[in-house]
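S.K.: sequence and predicted structure are below.
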Amino acid sequence: MASQNPAEEENSKRNWSLQDFEIGKPLGRGKFGRVYVAREVKSKFVVALKVIFKEQIDKYRINHQLRREMEIQTSLRHPNILRLYGWFHDTERVFLILEYAHKGELYKEMRKKGHFTEKQAATYILSLTKALAYCHEKHVIHRDIKPENLLLDHEGRLKIGDFGWSVQSKSKRHTMCGTLDYLAPEMVENKAHDYAVDNWTLGILCYEFLFGAPPFEAESQADTFKRIMKVDLSFPSNPSISLDAKSLISRLLVKDSSRRLSLQKIMEHPWIIKNADLTGTY
Ligand SMILES: CCc1cccc(CC)c1NC(=O)n1cc2c(c1)/C(=N\C(=O)c1ccc(N3CCN(C)CC3)cc1)N=N2
C-alpha cells in the first residue's frame, strides 16, 4: 500500500520489537490483554502498545479472526478511526502498535458529565457516521461500536478504537455474553446482518449520548431483548431534548433495517446540521 510519507514507509517496512519501545503506564485492560503508553525510542513518537497473550488467543480460538481484524485495521485510514501502525510478537505475546488517544475513553467523559449537550452529541454522531461511511465503502461492517470502544484524541475528537474487540464481539455475540444494548434486532435474533446494523447502533449511541443510558436498558438481558424486539422507545422529559434529536433517533431505531436512515441522510439531517461542530470532525 503506497504510504503517505517516508515515516509511514519506514514504519510499514520495519520489523518492530520490544526493544524499540520504552513502556509507560498501563492505560487499561481488556479481556485479552492490557494497553500501555509507550514511546518509540528513536523517534520519541508516543503510541499505545496493546499486549495480547498468545495463550489467550489459543484459548479463545481467535487467531484467524484477530489476523483478519488486524489486516482490516491496518488498511483503514480515517481521522475518526484509531490507527494500527503495525505489530510484532515474542514467544508468548502479540504486540499491537496503536495510535495514542491522549484524552482516553469517551464513556468516562460521559459518566463524568452524566450526558452530553446536543452540540457535543451531534459532533460525536457526525464523526461516527463519517467513520462508518468510510468503513462501509471498504466493505467493513459491525465495528462493535459502543461507548467503551470510543476514545478521544488530544483535541477531544472521537476515535473508534475497537478493532480487536469486534473479534471479541463476534465470538461474544455468539455466546451472547456482555451487553445486548447496542445490538440491532436482526443481530439479537442472530439473523444475517448487513451494513444497516451500524445505523441502528448510531441511534442507540445518539440516545445514550443525550440521556446517559441506552434506550432499551433493562434489569435482565431477557428484558433488554424484549425491548429491542419491540423497539420499546420512549424519551424521558429530563433532560428535555429537541424535536430534531428525537426525529433522528426515531428514524434510526427502526426494526426494518431497510427503512433506517442512511449514513448520507444522517449527515444531512437538520439536527446534525444545526448542532455538529464541523471542525470537531476534521
Ligand atoms: C485494553 C484496553 C481496551 C479494552 C477494550 C477496548 C479498548 C479500545 C478502546 C481498549 N483500549 C485500547 O485499545 N486503547 C488504545 C488506545 C488507548 C486505549 C489509548 N488511550 C487510553 O486508553 C487513555 C486512557 C486514559 C487517559 N487519561 C485518563 C485520565 N486523564 C486525566 C488523562 C487521560 C489517556 C489515554 N490510546 N490508544
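M.R.: Perfect, I can see it now.

S.K.: tell me the pLDDT of residue 194.
M.R.: The model reports residue 194 with a pLDDT of 77.

S.K.: which residues does it contact?
M.R.: 141, 257 (CB atoms under 8 Å, 6 or more residues apart in numbering). Where C-beta positions appear, they are placed from N, C-alpha and C, glycine not excepted.

S.K.: where exactly do the helices run in the stretch 1-150 of the chain?
M.R.: Taking DSSP state H, counting those that start in this stretch, the helices of the stretch 1-150 of the chain run over residues 6-13, 54-59, 63-75, 106-113, 118-137.

S.K.: what's the average pLDDT for the second one?
M.R.: Taken as a whole, helix 54-59 has an average pLDDT of 91.

S.K.: same question, the longest one
M.R.: The pLDDT scores in helix 118-137 average 94.

S.K.: next: the third one.
M.R.: The pLDDT scores in helix 63-75 average 85.

S.K.: next, the angle from it to helix 118-137.
M.R.: Put simply, helix 63-75 runs at 110 degrees to helix 118-137, going by axes from the mean of the first three to the mean of the last three CA atoms, to 10 degrees.

S.K.: buried sites along helix 63-75?
M.R.: 65-66, 69-70, 72-74 (16 or more other CB atoms under 10 Å).

S.K.: is that helix positioned near the ligand?
M.R.: No: using CB under 6 Å from any ligand atom, helix 63-75 never reaches the ligand; the gap is at least 10.8 Å.

S.K.: was I right to think residue 134 contacts residue 127?
M.R.: No: Residue 134 is beyond contact range of residue 127, at 10.9 Å (criterion: CB atoms under 8 Å).

S.K.: neighbour count: the two, which is higher?
M.R.: residue 127 (24 against 17; other CB atoms under 10 Å).

S.K.: can you tell me how far the one residue in the stretch 151-282 of the chain that gets nearest to the ligand sits from residue 29?
M.R.: Going by CB to the nearest ligand atom, the ligand is nearest to residue 161 of the stretch 151-282 of the chain, at 3.6 Å. From residue 161 over to residue 29 the distance is 14 Å, taken as CB to CB, to the nearest Å.

S.K.: the two: which is more packed in?
M.R.: Each of residue 161 and residue 29 has its neighbours counted (other CB under 10 Å); residue 161 has more, 25 against 10.

S.K.: just to check, that one is in contact with residue 96?
M.R.: No: the criterion here is CB under 8 Å, and residue 161 misses it with residue 96 at 11.0 Å.

S.K.: list the contacts of residue 95.
M.R.: Residue 95 touches 16, 18, 49-52, 87-89, counting by CB under 8 Å, 6+ apart.

S.K.: ok, which pair from those residues is furthest apart?
M.R.: 16 and 52 (15.0 Å; CB to CB).

S.K.: show me which of the contacts of residue 95 is closest to the ligand.
M.R.: For the contacts of residue 95, the nearest to the ligand is residue 50 (5.2 Å; CB to the nearest ligand atom).

S.K.: and the closest one, what are its bridge partners?
M.R.: Counting by DSSP bridges, residue 50 is bridged to residue 35, residue 96.

S.K.: does it really touch residue 100, like I thought?
M.R.: No: taking contacts as CB under 8 Å, residue 50 lies outside contact range of residue 100: 11.1 Å.

S.K.: more neighbours: the two, which one.
M.R.: More crowded of residue 50 and residue 100, by other CB under 10 Å: residue 50, with 24 against 21.

S.K.: pick the most buried one from the helices of the stretch 1-150 of the chain.
M.R.: Stretch with highest mean neighbour count among the helices of the stretch 1-150 of the chain: helix 118-137 (a mean of 22; mean count of other CB atoms under 10 Å).

S.K.: next, the contact list for the residue of the stretch 101-250 of the chain found nearest the ligand, please.
M.R.: In the stretch 101-250 of the chain, no residue comes nearer to the ligand than residue 104, which is 2.7 Å away by CB to the nearest ligand atom. Contacts for residue 104 (CB under 8 Å, 6+ apart) come out as 27, 151-152.

S.K.: cool, and residue 186?
M.R.: 192-193, 197, 257.

S.K.: hmm, 7 Å instead?
M.R.: 193, 197, 257 (CB atoms under 7 Å, 6 or more residues apart in numbering).

S.K.: wasn't it part of a helix?
M.R.: Yes: according to DSSP: H, G, I helix; E, B strand; the rest coil, residue 186 belongs to a helix.
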